[in-house]
Every structure is written in structure tokens, then in C-alpha cells.
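[1] structural data only, the sequence is not supplied:
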């Protein structure tokens, strides 16, 4: 049995981590900490656990084996490293950290501590993405030449535990990045996972086009990110992340190959559609992807608990996710410098 502590009791903890731990027979929720003391007490009481006065107090408890880090972006590295130093296994929410140096420091500490460090890149576990990876590897549409992937919705102000224009997602100091960190990392990482290829070059624009803070001025982080990616196998395509899709959420991906086209989460009826160059289209009807309005189990908690219990490699291991983060940081640099940037792997 893995005894779990939760650092940060906001929305992602309440709708994903906490209920998924509660449903896992190999885990037991025993401790909680949030900067909001009242929230900590309420969640702890609801889950029959202990409320801690500080993150340090929770991490000092030898009864806790592992923690979920569910705080704002800027504190991911600090708390993950502190947890690893305290001898805890760590599941950290995405984005892994806000600088490459922080990502590398997290990896170094995990290695030094001999503890597991996984990142909550849940789109790697989506059944359609797992199936798409299998189909591409089998040559279902030949060699992927180009691609288009998009993740867009109306913004985090309706998702945050403190909804509205004061959400921490809009705060540059706490979030560091906007749509790119919230949605772009998902699609960047998903591309690497499905294709089995690294992103080696990016030409990007991170823009703030519409979102305003409580003061009525444009927020200090990007609300749109548009990237042109080149992969290690020579495929080219676009990755779009947006907080200004004021309608239905879009989480679609299309691969254009030498022998056909694969459309993923692009059709309200069929999860995957493969359209061959010659012949009849094939449909694969799997579970629908999660949306902010339709939450289902992500599989992340089950994967974390099992990977720790079995001491096996995980698809969510931080070492591989760091390679996705390198593409994100290179895209930020490309936008700042106004030129293509090679991703140093």
C-alpha cells in the first residue's frame, strides 16, 4: 500500500488526483497541504486524512511514501525536489517545470534519491493515442509526412479553483507560461509519443490576443501558441494551443502519410478514422477524450501507483518528458527571437 500526500488541493487535485487515488486499491490518501488553510482542512476532513500546516511538515512525515505535486507552475520544481530529498516518490503535474535548468535539477535529484519521478502527461495514456501509436508503427498510413494538432478551449478561468480573471493561470510570476504550458505541452508531448520521434526544430509565435485580467488589460502570459515543428524523421507540422476557442473544445490531431490519412479525436462519432490512399476508410471507436466539462479517469494515478509498486519503467517517466519540455522552451525562444530554433536534445 502506497501512502499518499497531496501538495496543492486546487481543481486538478480535486477532480483528478484525489478521486483517482481513492479509487486505486494500491494507494491510501493520508495527508494534504494547500496554501489555503481552510481548503486544506476541508479536503482532509472529506478524505479522512490529515491536514498539514506546511509542505515541509507533510514531507517530513515518514508515513508518507509518495506525493502528488498539484501547485502552480512556478513551484513544481521546488516542491518536487524537496519531496525527493525527503525520500518520497513524486508525481508532478504538467508542465514539469518553468525552465530547463529546473527540469534537469528534478531529474538529478530523483536519480540521487533513488525515487520515481513521473509527470502527469495524461494524453500519453488516452486510448486513441495509444492505438494511433500502434497503427503508425505498423505502417497503417505509411511514413508520416505532415501533421496538424490542436488543443483549444475557452480558457482556464472557468476551470480554476478560483474562477474568473484573477486565476493564477493569468499570473506571469506563478504560471510563467500561458496556453503553451497549459495545453501546448500536452500536444507537443503527445506528438513525440505517438510518432516515436523527437522534435528537432521549431518556429513559433506565442501571443496574447484576447484574454484580460481583472484590471482590464491583456494578461502577462500567452493565450495562443502556434508552432511549426520538424521531427527527427523529417516530418513537418503545426501545433496550436489556444485559450480563445469560445465554443466546443478542440483536441484533434491529423497525420498525413504516404499511404493515407489518420484523424484522431476529429470526429464526434469515431475516435480514430484512417483514410487509406486506396480503399475504404476504417474507424476505431474508443473512449472519448476528457474535456474540462466531461472529466473521466485519466489513468495517470493508476500508472504512478503501479510503476512505483512494480519498480518498472513508466510511459510518464520524467526523463522522456524533459525532451518534450526542451521543445517547449525552444519554442518560447523562437517566439522571443523571431526565428527558427534547433531543439538541443
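    Ah, there it is. All of these numbers come straight from a predicted model, not from anything done at the bench. Residues are numbered from 1 along each chain as shown.

[2] now do the strands in the stretch 1-150 of the chain.
    Secondary structure of the stretch 1-150 of the chain by DSSP state E, counting those that start in this stretch: the strands cover 2-7, 27-33, 50-51, 66-69, 89-92, 117-119, 144-152.

[3] dump those to JSON lines, plus mean neighbour count.
    (C-beta placed from N, C-alpha, C; glycine too.) Shown next, in JSON lines, are those (neighbours: other Cβ atoms under 10 Å):
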{"stretch": "strand 2-7", "mean neighbour count": "24"}
{"stretch": "strand 27-33", "mean neighbour count": "23"}
{"stretch": "strand 50-51", "mean neighbour count": "20"}
{"stretch": "strand 66-69", "mean neighbour count": "26"}
{"stretch": "strand 89-92", "mean neighbour count": "28"}
{"stretch": "strand 117-119", "mean neighbour count": "27"}
{"stretch": "strand 144-152", "mean neighbour count": "20"}
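
[4] nearest to residue 325, out of those strands?
    strand 117-119 (8.8 Å; Cβ to Cβ).

[5] does anything pack onto the closest one? Which helices or strands?
    Packed against strand 117-119 by the contact rule (3 or more Cβ pairs under 8 Å, 6 or more residues apart in numbering; DSSP states H and E) you find strand 89-92, helix 100-113, helix 300-310, helix 318-337.

[6] these: which one's closest to residue 16?
    helix 300-310 (7.1 Å).

[7] just name the most buried of the helices and strands packed on strand 117-119.
    strand 89-92 (a mean of 28; mean count of other Cβ atoms under 10 Å).

[8] tell me which strands it pairs with, and in which orientation.
    Paired neighbours of strand 89-92 in the sheet (DSSP bridges): strand 66-69 (parallel), strand 117-119 (parallel).

[9] could I get those as JSON lines with mean pLDDT and distance to residue 155?
    Shown next, in JSON lines, are the strands paired with strand 89-92 (pLDDT from 0 to 100; distance: least, Cβ to Cβ, whole Å):
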{"stretch": "strand 66-69", "mean pLDDT": "98", "distance to residue 155": "23"}
{"stretch": "strand 117-119", "mean pLDDT": "98", "distance to residue 155": "23"}
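
[10] how about CSV for the ones you listed, with distance to residue 225 added?
    Listed next are these as CSV, based on distance: least, Cβ to Cβ, whole Å:
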stretch, distance to residue 225
strand 66-69, 24
strand 117-119, 19
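
[11] low-confidence stretches in the stretch 201-345 of the chain?
    288-296 (pLDDT under 70).

[12] can you rerun that using 80?
    Applying pLDDT under 80 to the stretch 201-345 of the chain picks out residues 287-297.

[13] mind listing the strands for it?
    Counting by DSSP E, counting those that start in this stretch, the strands of the stretch 201-345 of the chain are 224-231, 236-242, 253-257, 260-264, 272-276, 282-284, 341-342.

[14] and the third one, how far from the chain's centre?
    Using Cα atoms, centre = their mean, to the nearest Å, we find the averaged C-alpha position of strand 253-257 to lie 21 Å away from the chain's own average C-alpha position.

[15] can you list the residues that contact it?
    The contact list for strand 253-257, computed with Cβ atoms under 8 Å, 6 or more residues apart in numbering, reads 132, 136, 140-150, 187, 190-191, 194, 261-266.

[16] before we move on, the earlier item: so for residue 215, which of the helices and strands packed on strand 117-119 sits nearest?
    Comparing the helices and strands packed on strand 117-119 by Cβ to Cβ, helix 318-337 comes nearest, at 24.0 Å.

[17] report the angle between that closest one and strand 224-231.
    120 degrees (axes from the mean of the first three to the mean of the last three Cα atoms, to 10 degrees).

[18] ok, and what's touching helix 318-337?
    92, 94-97, 99-100, 103-104, 106-107, 110, 117-119, 121, 177, 180-181, 184-185, 188-189, 192, 198-199, 202-206, 225, 227, 229, 340-345.

[19] dump the strands of the stretch 1-150 of the chain to a markdown table, plus distance to residue 299.
    Output for the strands of the stretch 1-150 of the chain, formatted as a markdown table (distance: least, Cβ to Cβ, whole Å):
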| stretch | distance to residue 299 |
| --- | --- |
| strand 2-7 | 16 |
| strand 27-33 | 14 |
| strand 50-51 | 27 |
| strand 66-69 | 14 |
| strand 89-92 | 12 |
| strand 117-119 | 12 |
| strand 144-152 | 18 |
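
[20] and those: which comes nearest residue 248?
    strand 144-152 (9.4 Å).

[21] tell me the buried residues in the next helix or strand after that closest one?
    Remark: after strand 144-152, the chain's next helix or strand is helix 172-175, criterion DSSP states H and E. Judged by neighbour count using 16 or more other Cβ atoms under 10 Å, the buried positions of helix 172-175 are 174, 175.

[22] beyond helix 172-175, next helix or strand please.
    Assigned by DSSP H and E, the successor of helix 172-175 is helix 179.

[23] what lies in contact with that next one?
    206, 221, 222, 223, 224, 225, 241, 242, 243.

[24] most widely separated two among those?
    221 and 242 (12.9 Å).

[25] burial of the closest residue to residue 170 other than its chain neighbours, as a residue count?
    Nearest non-adjacent residue to residue 170, counting by Cβ to Cβ, 6 or more residues apart in numbering: residue 219, 4.2 Å away. Counted with other Cβ atoms under 10 Å, the neighbours of residue 219 add up to 24.

[26] and stretch 65-84, end to end?
    10 Å (Cα to Cα, to the nearest Å).
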